[in-house]
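*Asks:* Compute the structure for the input listed below.
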Amino acid sequence: MQSKRWKFGVGIGIILAVVAWEGFSGFQENKTYYVTVNELTQAQSVRRHVRVGGVVAQGSIERRGGKVSFRLAQDAKSIPVTYVGSDTLPDTFKDGAQAIVDGDYLANGDFRAEKIQAKCASKYQAAPGSQGAGMKGPVAALSSEK
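*Replies:* Now for the predicted structure:
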C-alpha cells in the first residue's frame with residue numbers, strides 16, 4: 001500500500017513540475033520589454049531577436065508590394081526597418097507615430113521586423129480652444145451633446 005502512495009505522489013510531483021515549467025517559460029517569452037534605438041545602436045553587438053521602440057521618421061515610409069520599409073528614430077539616431085508580413089499594419093502607423101517593432105537586428109545594421117505596434121499620442125486629445133477642452137472622460141462627451 002505504501003508503494004502505491006509513493007508512486008502516486010511521484011506522479012503528481014512530476015505533473016506539477018511540468019506545469020510550473022510551462023508557466024514559467026511562457027511568462028518569459030511574453031515579457032514586453034524593449035530597448036530604444038539609442039540603446040540598440042550603442043550596444044555595438046548584434047542581437048538576434050529584439051523588440052525596439054522609437055518614432056517613425058517623417059517621410060521614410062515606403063511600400064513596395066507586400067514589403068514596407070521605414071526608419072525608426074530616436075533623437076538623432078535611426079535604424080532602417082523592413083517589414084514583410086501577412087498581418088495588416090495598424091491604422092496609427094504613419095509618419096511621426098510611436099512604434100515598437102519586434103524582429104531580428106542584422107549584422108549590417110538593418111532590422112527585419114516580424115510584428116509592428118504603433119500608436120499616435122495625440123489621437124485622443126481635445127483640440128485647443130474647443131468646447132470642453134478642460135473636461136475629461138464621459139463628462140466631456142456628454143457636455144458636447146445638445
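
*Asks:* would you say Gly59 is within a strand?
*Replies:* No. Counting by DSSP: H, G, I helix; E, B strand; the rest coil, one finds Gly59 to be coil, located in no strand.

*Asks:* what residue ranges in this protein score low on pLDDT?
*Replies:* Counting by pLDDT under 70, the low-confidence segments of the chain come to 1, 28-32, 43-47, 120-146.

*Asks:* And the strands in this protein, which stretches?
*Replies:* Secondary structure of the chain (DSSP state E): strands located at 35-36, 49-56, 62-64, 67-74, 77-84, 98-105, 111-119.

*Asks:* show me the contacts for Asp87.
*Replies:* When contacts are counted by C-beta atoms under 8 Å, 6 or more residues apart in numbering, Asp87 is found next to Lys115, Ile116. For every residue, glycine as well, the C-beta is placed using N, CA and C.

*Asks:* For it, what are phi and psi?
*Replies:* phi -70, psi 140 (degrees, to the nearest 10).
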